[in-house]
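> quick one: sequence plus predicted model below, questions after.
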Amino acid sequence: MRNIFTPDKSVELPEDIQSQKSINYAYGLIIIVALITLFGLTMLYSTSYNTAGTKFFYNQLMWSAIGVLSGAFVFTVGYKKLGEYSMLLIIAATVLLIIADFCFPAVKGAHRWIRIKFIGGPLSIQPSELAKIAIALYISKYCADNLRFVNEIFCKEGPIRPCIVCGIVIFFVLAGKDLGTTILLVTVCLIVFFASGMRLLYILPPIIFGGPLLFIVIKKFDPMRWARLTTFMNPEADLQDEGYQLWNSLLALGSGKWFGIGFMESRLKAKYLPEAHTDFILSIVGEELGLISLCLVALAYIVFMYFALKISLNSRTRHGMLLGLAVTSVLIFQSVINIGVVSGGLPTKGMPAPFISYGGSNLMMCMTGVGLLLNIAAETASPGFNDEIIAAIKKKFAFLTFFRRKK
């Protein structure tokens, strides 16, 4: 029986139609990402102005520019070349996670950040954001190269090796007490395995047994985190502690009603709602602009998912398709978790809204993911696209080689 995820030349679209579709999807992705990012900057200005002035706004503007450069870099280098070096990215992410876990103090109970003294103030780096891109690149490359062996558990080219490699990274994410990102990364890995043709017989057991076991361990050895996981079901019962943030988020959403109380008019952002400019910025969106605006934000994420999936499924290569699915899964599941948290549908976790929440590391990861998706579309429209770009760059800067040889 033919694997439905294996490209079949007999059902491919004509080359010109496939190329044009990829270009259209890429334009659509650029437009929707630009709109979401501009909206995020606008809401960040409103959310943080009363407490920090324009500091957060200009910082995010700077990180937006850096993120665009990061996206342009991966777009130029290409996902194929980056896939070849994905193991180095895995090692780098693991080392940074270990440094964050054991060399820096916990912030609000979690070891997620590396803080470096920098001109203008401390610079915070969140290694788990690099881990998201590294795992997406590594597991998509491995599964694409070893598609025939994805169900051969005891084969050298089988799924055991990527499970161990990704498992090590995920372990150190969990060691930093970042449960939300841990669940996100495990979900992405399972999606890539499933898209590669892995049987449900191998995918379901980790879900059925791993999840409950993890929660049992948390309940027994980390009562504070267990309280955070269960308080969301009744935040009123613990308003002075774990339920405080969610309760104020619900107050913000409720007071906004359908059309909000007005831009810049939020009351809850005035030191009542913690993390209003980061993980709970959508609560302020609901308060100031109403439920209608929140629905439009959710619709924007759905449109983003549509274009990203279209780019992925339209790819000419297995690697491009699997990488596109991995990157799309990271960004969409992150947005789903954030919306679920601020609305009280999921336990309170530190998960920013993609392209909207304040945070340089996450914004860079999002923009890098977009760069990878656009590169997949470019390679679909024009195979060998990156080889031509790199050759042109080498030719343009050939004089540097000339001077080096002359010296």
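Good, I have the coordinates. Predicted, not measured: the structure shown is a model, and the values here were computed from it.
> show me the shaky parts of the stretch 51-200 of the chain.
108-109, 118-121 (pLDDT under 70).
> tell me how far I218 lies from T230.
10 Å (CB to CB, to the nearest Å). No exception for glycine: its C-beta is placed from N, CA and C like everyone else's.
> distance check, the closest residue to L123 other than its chain neighbours against E129.
Once flanking residues are discounted, L123 sits nearest to I116: 4.7 Å by CB to CB, 6 or more residues apart in numbering. Look at I116 and E129: by CB to CB, they are 15 Å apart.
> which of the two has more neighbours?
Shown here are I116 and E129; by other CB atoms under 10 Å, E129 has more neighbours (24 against 10).
> check contacts around that one.
By CB atoms under 8 Å, 6 or more residues apart in numbering, E129 lies in contact with S361, N362, M364, M365.
> same thing with I31?
So I31 contacts nothing (CB under 8 Å, 6+ apart).
> and what of I292?
Applying CB under 8 Å, 6+ apart, the residues near I292 are W258, F259.
> which strands and helices sit next to the helix or strand harbouring A65?
Secondary structure assigned from DSSP states H and E places A65 in helix 55-77. If you count contacts as 3 or more CB pairs under 8 Å, 6 or more residues apart in numbering; DSSP states H and E, helix 55-77 packs onto helix 15-52, helix 360-381, helix 385-396.
> what about G254, neighbour count?
Neighbours of G254 (other CB under 10 Å): 11.
> now swap in L299 and tell me
There are 11 residues near L299, going by other CB under 10 Å.
> try G176
24.
> my guess is it contacts L97, does it?
Yes - the criterion here is CB atoms under 8 Å, and G176 meets it with L97 at 6.5 Å.
> need the overlap of contacts for these two.
Counting by CB under 8 Å, 6+ apart, the residues touching both G176 and L97 are S128.
> in space, what's closest to L251 - neighbours in sequence excluded?
Take L251 and drop its neighbours on the chain: the residue closest to it by CB to CB, 6+ apart is L268, 6.2 Å away.
> do I376 as well
G320 is the one closest to I376 (CB to CB, 6+ apart), at 4.4 Å.
> may I see the buried residues of the strand or helix carrying that neighbour?
Secondary structure assigned from DSSP H and E places G320 in helix 318-342. Applying a neighbour-count criterion of 16 or more other CB atoms under 10 Å, one finds 318-339, 341-342 buried in helix 318-342.
> cool, and stretch 308-316?
Buried-residue list, stretch 308-316, by 16+ other CB under 10 Å: A308, L309, K310, I311, S312, N314, S315, R316.
> show me what the helix holding G320 is packed against.
helix 79-84, helix 127-145, helix 179-195, helix 244-256, helix 281-313, helix 360-381.
> to I153, which of those lies closest?
Among those, the nearest to I153 by CB to CB is helix 179-195 (11.8 Å).
> the helix or strand following the closest one - contacts with which helices or strands?
Once helix 179-195 ends, the next helix or strand along the chain (criterion: DSSP H and E) is helix 200-205. When contacts are defined as 3+ CB pairs under 8 Å, 6+ apart, helix 200-205 packs onto helix 179-195.
> what's the closest of the contacts of E129 to A65?
Using CB to CB, the contacts of E129 come closest to A65 at M364, 10.5 Å.
> is the closest one in contact with F73, as I believe?
No - applying CB under 8 Å as the test, M364 and F73 come out as separate, 10.7 Å apart.
> who has more neighbours, these two?
M364 (23 against 12).
> report pLDDT for that one.
Here, the pLDDT recorded for M364 equals 93.
> if I look at it, how far off is I125?
10 Å.
> contacts for stretch 383-394, please.
So stretch 383-394 is contacted by T76, V77, G78, K80, K81, R316, N375, A378, E379, S382 (CB under 8 Å, 6+ apart).
> how about 7 Å then?
With CB atoms under 7 Å, 6 or more residues apart in numbering as the test, stretch 383-394 has contacts from T76, V77, G78, K80, K81, R316, A378, E379.
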